[in-house]
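> Need a 3D model of the sequence below.
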Amino acid sequence: MDKITLIATAAFGLEAVVGRELSALGFAAKASDGQLRFEAVPGDIPKANIWLRSADRVFAVVGGFAADTFDALFEGTKALPWPDWLPFDARINVSGKSVRSKLFSVSDCQSIVKKAIIESMKRAHHVETFPESGAEYKIQVSLLRDAATLSIDTSGAGLHKRGYRLAGVEAPMKETLAAGLVALSFYRADRALLDPCCGSGTIPIEAALIARNAAPGLSRAFAGEYHAYIPKLAWTRAREEARARVREDVRPTIFASDIDRRATEAAKGNALRADVKRFIRFETKPLAEATLPSEYGVMIANPPYGDRLATRAETEKLYSELGTLAGNNKKWSSCVITSDEYFEKSFGRRADAKRKLYNGMIKTDYYQFHGEQPPRHR
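Below is the predicted model:
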C-alpha cells in the first residue's frame with residue numbers, strides 16, 4: 001500500500017499544537033474542524049500514535065464520497081477498496097457522527113456502512129457469509145455537509161490513556177490537554193515548573209515527559225498493532241526509536257502541590273508509573289502557602305472552576321491567591337485554565353494572552369501572563 005491519508009483528531013483549540021507535533025515528526029498537516037489531515041505510508045502509523053501528545057486519535061482514511069441518501073451511502077461504501085484494508089475474518093465495529101447532513105440518523109448510517117463493507121468483502125472473497133472472527137477493526141463514518149468519510153481507528157483507546165494514571169481525583173484533566181497546556185506555555189526543560197493545584201499530577205507528569213523527550217505512548221498498546229495493513233515490524237522499530245530518543249541527560253526541576261493529601265498521594269503513584277517521580281517534588285499544602293521555588297520559571301494551574309468542586313466565594317479566594325503567588329516574582333510566567341469569565345478580576349491582572357480551549361465538555365479560557373525571559377546563557 002502506497003501513500004495514504006491519516007487524520008489526527010484534536011480538541012478544539014489544540015489544532016495548532018498537534019500541527020507542530022506532526023511537523024516535528026516530519027509530516028505536513030492541514031487543519032480543519034478539530035482534525036489534521038496528513039499524508040503518510042502505513043508504516044508511519046506507529047510513529048504517529050506513539051509520539052503525538054495532544055491529539056485524541058489517529059485514523060486511516062479508506063475513502064470519501066458525496067452521500068445525501070442512504071442508497072448513496074451504501075453504494076459509495078461498497079465501492080471502496082475494503083479488501084486492501086481488512087482481512088477475511090475482520091471483526092467490524094462501526095461508529096459514526098453527522099454534522100449538518102441530510103443523513104442525520106447516526107445509528108442507521110452505522111448499520112448501512114457495516115452492511116456495505118460486508119457485502120464488499122463477501123464479493124471479493126466469493127463467499128456467502130463473512131465470519132468476523134478475527135481482530136477488531138473500528139470503522140468510523142463521518143458525515144459533514146452531505147460528504148461521507150470512512151476511516152479506520154488505529155489508536156483504539158484514546159491517546160490520552162498513557163497507562164500511568166491508575167489513581168485519579170474528582171474532575172481529572174485529560175493527559176492530552178495537559179500536554180497541550182505545557183506546549184502553549186513558556187516551559188522549557190532548563191526552567192522550573194510549578195503546579196500549585198496539581199490534583200492527580202497530570203500537568204507536572206506531562207511536563208516531565210516533554211522535558212525528557214519521552215514518547216507518551218511508549219508503554220501502551222494500540223488497535224493498529226493487530227491491523228494487517230500496518231507492517232508488524234514498524235511497531236517494533238517505532239518503539240525502539242522512541243526508547244533511544246529519551247533524554248537521560250535531562251533532569252527537569254518540577255514542583256507540584258495540592259491541599260488534598262489524597263490527591264498528592266495519587267499523583268506520586270501516577271508519577272512513579274510514568275517513571276518521572278524522581279523529577280517532581282510533591283507537597284501537600286494550601287495554595288496560600290505555595291512559593292515560587294526559583295529565580296525563573298513557569299506556573300501552570302488548573303484550579304477548581306467553581307461549578308463542580310468549590311463554592312463561588314472559595315473559587316474567588318483561590319484565584320486571588322494565585323494572583324498573589326504569580327505577582328511575587330516578575331521573572332515567572334503564569335498560565336491558568338478556567339471556565340470562570342471573571343477570573344482576571346479575581347486574579348488582579350489582565351492576561352497578556354488568552355486562548356479558548358475545552359476541558360472535556362467545559363468551555364474554558366487559558367490565561368497567560370508573561371514573565372521575563374531568562375538570559376540565553378541560562
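
> C-terminal to the longest helix seen in the chain, what's the next element?
In the chain, with assignment by DSSP state H, the single longest helix is helix 106-125. Moving toward the C-terminus from helix 106-125, the next helix or strand (DSSP states H and E) is strand 136-144.

> circling back to that earlier point, could you tell me the angle between the longest helix of the chain and strand 136-144?
Relative orientation of helix 106-125 and strand 136-144, computed by axes from the mean of the first three to the mean of the last three C-alpha atoms, to 10 degrees: 120 degrees.

> Name the residues of helix 106-125 that come out as buried.
109-110, 112-114, 116-118, 120-121 (16 or more other C-beta atoms under 10 Å). C-beta here means a position set from N, CA and C on the backbone, and glycine is covered the same way.

> Go through those residues and say which is closest to Ser54.
Gln110 (28.2 Å; C-beta to C-beta).

> So that closest one versus Leu150, what's the distance?
Gln110 is 11 Å from Leu150, where distance means C-beta to C-beta, to the nearest Å.

> which residues touch the residue nearest to Glu132 when sequence neighbours are not counted?
Excluding the flanking residues, the one nearest Glu132 by C-beta to C-beta, 6 or more residues apart in numbering is Arg91, at 4.6 Å. Each residue near Arg91 by C-beta atoms under 8 Å, 6 or more residues apart in numbering is listed here: 132-137.

> Tell me the bridge partners for Arg91.
Glu136 (DSSP bridges).

> Identify the farthest-apart pair in the buried residues of helix 106-125.
Farthest-apart pair in these is Cys109 and Met121; separation 18.8 Å (C-beta to C-beta).

> helix/strand/coil for Val336?
The three-state label given to Val336 by DSSP: H, G, I helix; E, B strand; the rest coil is strand.

> Ok, the one 10 residues further on next?
The assignment at Ser346 comes out as helix when based on three-state DSSP.

> Skip the chain neighbours and tell me the closest residue to it.
Sequence neighbours aside, Tyr319 is the residue nearest to Ser346 in space, at 3.6 Å (criterion: C-beta to C-beta, 6+ apart).

> other SSEs contacting the host helix or strand of that neighbour?
Using DSSP H and E, Tyr319 sits within helix 312-326. Counting contacts by 3 or more C-beta pairs under 8 Å, 6 or more residues apart in numbering; DSSP states H and E, helix 312-326 packs against strand 297-301, strand 332-338, helix 343-347.

> Export these as TSV, with columns for distance to Phe74, mean pLDDT and mean neighbour count.
Below are the helices and strands packed on helix 312-326 laid out as TSV (distance: least, C-beta to C-beta, whole Å; pLDDT from 0 to 100; neighbours: other C-beta atoms under 10 Å):
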stretch	distance to Phe74	mean pLDDT	mean neighbour count
strand 297-301	49	97	24
strand 332-338	44	97	25
helix 343-347	50	96	20
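
> out of these, nearest to Ala223?
Nearest of the helices and strands packed on helix 312-326 to Ala223, taken as C-beta to C-beta: strand 332-338 at 30.1 Å.

> Only C-alpha atoms, please: export that closest one in CSV.
Taking C-alpha atoms only, strand 332-338 is exported to CSV below (Å, rounded to 0.1, in the frame of the first residue of the first chain):
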residue,chain,number,x,y,z
TRP,A,332,7.9,33.9,36.4
SER,A,333,5.3,33.3,33.7
SER,A,334,1.9,32.1,34.8
CYS,A,335,-0.8,30.1,32.9
VAL,A,336,-4.2,29.3,34.3
ILE,A,337,-7.1,27.4,32.7
THR,A,338,-10.6,28.1,33.9
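
> Can you tell me what sits against it?
Residues from elsewhere that reach strand 332-338, judged by C-beta under 8 Å, 6+ apart: 181, 184-186, 292, 296-303, 305, 319, 322, 326, 343, 347, 357, 359, 364-371.

> model confidence over the longest strand anywhere in the chain, on average?
Criterion DSSP state E: the longest strand present in the chain is strand 55-66. In this model, strand 55-66 has an average pLDDT of 98.

> how about CSV for the contacts of Arg91, with distance to Trp82 added?
Formatted as CSV, the contacts of Arg91 follow (distance: C-beta to C-beta, whole Å):
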residue, distance to Trp82
Glu132, 13
Ser133, 17
Gly134, 14
Ala135, 15
Glu136, 15
Tyr137, 10
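
> which one of those is nearest Ala40?
Distance to Ala40 across the contacts of Arg91 (C-beta to C-beta) is lowest for Tyr137, with 18.6 Å.

> which residues in the stretch 101-250 of the chain form strands?
Secondary structure of the stretch 101-250 of the chain by DSSP state E, counting those that start in this stretch: the strands cover 136-144, 147-153, 192-195.

> which other helices and strands contact the last one?
In other words, strand 192-195. Strand 192-195 is packed against helix 202-211, strand 254-258, strand 297-301, with contacts defined by 3+ C-beta pairs under 8 Å, 6+ apart.

> Export only the CA atoms of that strand, formatted as PDB.
The C-alpha coordinates for strand 192-195 follow below in PDB (Å, rounded to 0.1, in the frame of the first residue of the first chain):
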ATOM      1  CA  ALA A 192      11.500  25.300  36.800                       C
ATOM      2  CA  LEU A 193       7.800  24.500  36.700                       C
ATOM      3  CA  LEU A 194       5.200  24.800  39.400                       C
ATOM      4  CA  ASP A 195       1.700  23.400  39.600                       C
END
